[in-house]
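In: here you go, sequence then predicted model.
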Amino acid sequence: MSLYDKTAHELHELLTTKKISAAELTADVFARVDEMENKVHAYLTLTRAEAEATAKRVDEKISRGEKIFPLEGIPCAIKDNICTKGIRTTCASKILENFIPPYDATAYQKLLAQNAVIVGKANLDEFAMGSSTENSGFHTTHNPHDLERVPGGSSGGSSAAVAGGEAIYALGSDTGGSIRQPASFCGVVGFKPTYGRVSRYGLVAFASSLDQIGPLTRDVTDCALVLNAICGHDEMDSTSTAAPVPDFTKSLVADVKGLKIGLPKEYFVKGIDPEIEAAVHAVAKKFEELGAQIVEISLPHTEYAIATYYLIAPAEAATNLERYDGVSYGARVDGADVVEMMTNTRTEKFGAEVKRRIMIGNYALSAGYYDAYYLKALKVRTLIQKDFTDAFEKLDLILTPTTPNVAFKIGEMVSDPLQMYLQDICTVPVNLAGLPGISVPCGVTKNNLPLAFQLIGKALDEEILLRAAFTYESLR
Ligand code: GLN
């Protein structure tokens, strides 16, 4: 029996009924890793010894007759911008090639508290800047559905690991779409929680006002289980919300009767893949048949979202990345004096995209341009937020495509950063507004590539997203 392609909740059942052991499960997933990794390249670091030690602990617990947590003994992948004590955390950057964090990120720590089995640290675009993993400082990850194509990004290692059977679920991070877009490209569920729901402590900062950790899973039930594990207030992150965390599994109810779902016309623009457009409309129709009400809405400032995001995110990134100076963290390349040492370090160790963001960000923040660019972007961000607030006065949910196109070929977009940025058109508004969003698989194209839709909810209303997603998934 192969175990690597099952969901966490199925495996939990097999573990508690002693049909399998955690050691067997871990061995099965690592056998799959051995089979797939030379084709998929989902990981930057594998942690077999840690995984086996945890599995052993879980089996001892089970044999003592103790109750186990829902994610206990289940193998997972952790995006390599999430700090793991004693385990290399590179952010897929040469500048952190040998960085071993002295502490755990809170979200990871919460998984450890459940005795989660960590398979390894998953690849990403350097510092989570990108949409394909081609910006990784080490290697590109390949999409398990078609090895010539990208898995999406920046959490492309996480999504490919889950889709390829190299982990049962994964943690990713989403600043402008980096969980939802790779989830859509790889045919898995990806959830970006409300800003503040999951602690950012120990998530290496890219753009602090946008970053959020979230799950990539095989189904909506697993998504609820991982959210249950990782959400909650954390005094180590001043932006984490004190709002109580519900039991998200209570939202796994197949019922959308009476829900009002908005379809924003700005998300169905020219250039969108007709197969995606048709798939999302078919999803809307299904919801309607199940008793939801579909209304066409307008989010008028959507067209400014990319420009706004690509000022705010680089501005915050330029500031956050100042710390990599060859002194406090990571790599150092020597020079004649301290200025030359810092220059050499940053010139040699940062990749092209990261440098591009630092330059855009510093430009937008510089004395002469601050008002014209950064401040203006903040004002437009407020307008984008207001679009959603207004829309949600009469709605429960918003339904959109996750991406304008399906997984593209490796190399197809690398020479055109602007085209790559346009990938994020449907996802960045959600981060700018701090709202929760989920990407849910909805079939395949005629070329067998995964299709997906996105649901957006009100702040802190993760539950309604799970409910609607679960309803859709129950139709299969
Ligand atoms: N693709 C977007 C970017 O490059 C989003 C990245 C992310 O969400 N981390 O910035």
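Out: Received the coordinates, thanks.
In: what about Y369, how many residues nearby?
Out: Applying other C-beta atoms under 10 Å, we find 15 residues neighbouring Y369. C-betas here are computed from N, CA, C, even on glycine.
In: distance check, it against the ligand.
Out: Relative to the ligand, Y369 is positioned 20 Å away (C-beta to the nearest ligand atom, to the nearest Å).
In: now for that residue: which residues touch it?
Out: Y363 (C-beta atoms under 8 Å, 6 or more residues apart in numbering).
In: what residue is smack in the middle of this structure?
Out: Centrality entry for the chain: nearest residue to the mean C-alpha point is I179, 2.2 Å, by C-alpha atoms, centre = their mean.
In: how much space separates it from A128?
Out: Distance, I179 to A128, using C-beta to C-beta, to the nearest Å: 10 Å.
In: between these two, what contacts are shared?
Out: S155, S173.
In: one step back: so for the residue nearest to the centre of the chain, what's the pLDDT?
Out: Confidence at I179, expressed as pLDDT, is 98.
In: what is the neighbour count of the residue of the stretch 1-150 of the chain found nearest the ligand?
Out: Proximity of the stretch 1-150 of the chain to the ligand (C-beta to the nearest ligand atom) peaks at A128, 3.6 Å away. Burial of A128 is recorded as 29 neighbouring residues (other C-beta under 10 Å).
In: check contacts around it.
Out: K79, N81, C91, S154, S155, S173, T175, S178, F206, D211 are the contacts of A128 under C-beta under 8 Å, 6+ apart.
In: not counting sequence-adjacent ones, nearest residue to the last one?
Out: In this structure, D211 finds its nearest non-sequential neighbour in T175, 5.0 Å apart by C-beta to C-beta, 6 or more residues apart in numbering.
In: now do the contacts for the one you found.
Out: Contacts of T175 (C-beta under 8 Å, 6+ apart): A128, S154, F206, A207, L210, D211, Q212, A313, N431.
In: format the residues you listed as CSV; extra columns: pLDDT and secondary structure.
Out: Converted to CSV, the contacts of T175 look like this (pLDDT from 0 to 100; DSSP: H, G, I helix; E, B strand; the rest coil):
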residue, pLDDT, secondary structure
A128, 98, helix
S154, 98, coil
F206, 98, coil
A207, 98, coil
L210, 98, coil
D211, 98, coil
Q212, 98, strand
A313, 98, helix
N431, 98, helix
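In: wait, which of those is closest to the ligand?
Out: A128 (3.6 Å).
In: neighbours around the closest residue to the closest one other than its chain neighbours, how many?
Out: Distances taken as C-beta to C-beta, 6+ apart place S154 nearest to A128, at 4.1 Å, with adjacent residues excluded. The number of residues packed near S154 is 35, by other C-beta under 10 Å.
In: pretty sure S154 sits against T133.
Out: Yes. Counting by C-beta atoms under 8 Å, T133 is a contact partner of S154 at 6.9 Å.
In: list the residues that contact both of these two?
Out: Common contacts of S154 and T133, defined by C-beta under 8 Å, 6+ apart, comprise L124, D125.
In: compare the contacts of A128 and tell me which is most surrounded.
Out: S155 (39 neighbours).
In: and the gap between that residue and the ligand?
Out: From S155 over to the ligand the distance is 8 Å, taken as C-beta to the nearest ligand atom.
In: how near is that residue to I272?
Out: Counting by C-beta to C-beta, the gap from S155 to I272 is 23 Å.
In: my guess is the residue nearest to the centre of the chain meets S155, correct?
Out: Yes. With contacts counted by C-beta under 8 Å, I179 reaches S155, the gap being 5.4 Å.
In: now do the shared contacts for these two.
Out: What both I179 and S155 touch, as defined by C-beta under 8 Å, 6+ apart, is the set G172, S173, G190, L216.
In: surely the first one forms part of a strand?
Out: Spelled out, it's G172. Yes. Counting by DSSP: H, G, I helix; E, B strand; the rest coil, G172 is found in a strand.
In: and it, what pLDDT?
Out: Confidence score, pLDDT, at G172: 98.
In: which residues does it contact?
Out: 79, 122, 154-155, 158-159, 178-179, 182, 190, 213-216.
In: same deal with the last one?
Out: For L216, the residues meeting the contact criterion (C-beta under 8 Å, 6+ apart) are 155, 158-159, 162, 169-172, 179, 182-183, 188-191.
In: what about these, which are in strands?
Out: Y169, A170, L171, G172, V189, G190, F191 (DSSP state E).
In: spell out which residues of the stretch 1-150 of the chain are next to the ligand.
Out: With the criterion set to C-beta under 6 Å from any ligand atom, the stretch 1-150 of the chain comes near the ligand through A128, M129, G130, S131.
In: do the same with the stretch 151-300 of the chain
Out: S154, D174, T175, G176, G177, S178, F206.
In: how close does Q419 get to R88?
Out: 33 Å.
In: ditto for G157
Out: In terms of C-beta to C-beta, G157 sits 14 Å off from R88.
In: same deal with L14?
Out: 32 Å.
In: go on, T47?
Out: Separation of T47 from R88 (C-beta to C-beta): 9 Å.
In: what do the two both touch?
Out: With C-beta under 8 Å, 6+ apart as the test, T47 and R88 both reach K121.
In: hang on, the earlier thing: any of the residues of the stretch 1-150 of the chain next to the ligand buried? List them.
Out: Neighbour-count burial (16 or more other C-beta atoms under 10 Å) is assigned, among these, to A128, M129, G130, S131.
In: those into a markdown table, with extra columns for secondary structure?
Out: Formatted as a markdown table, these follow (three-state DSSP):
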| residue | secondary structure |
| --- | --- |
| A128 | helix |
| M129 | coil |
| G130 | coil |
| S131 | coil |
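In: confidence score at G271?
Out: 85.
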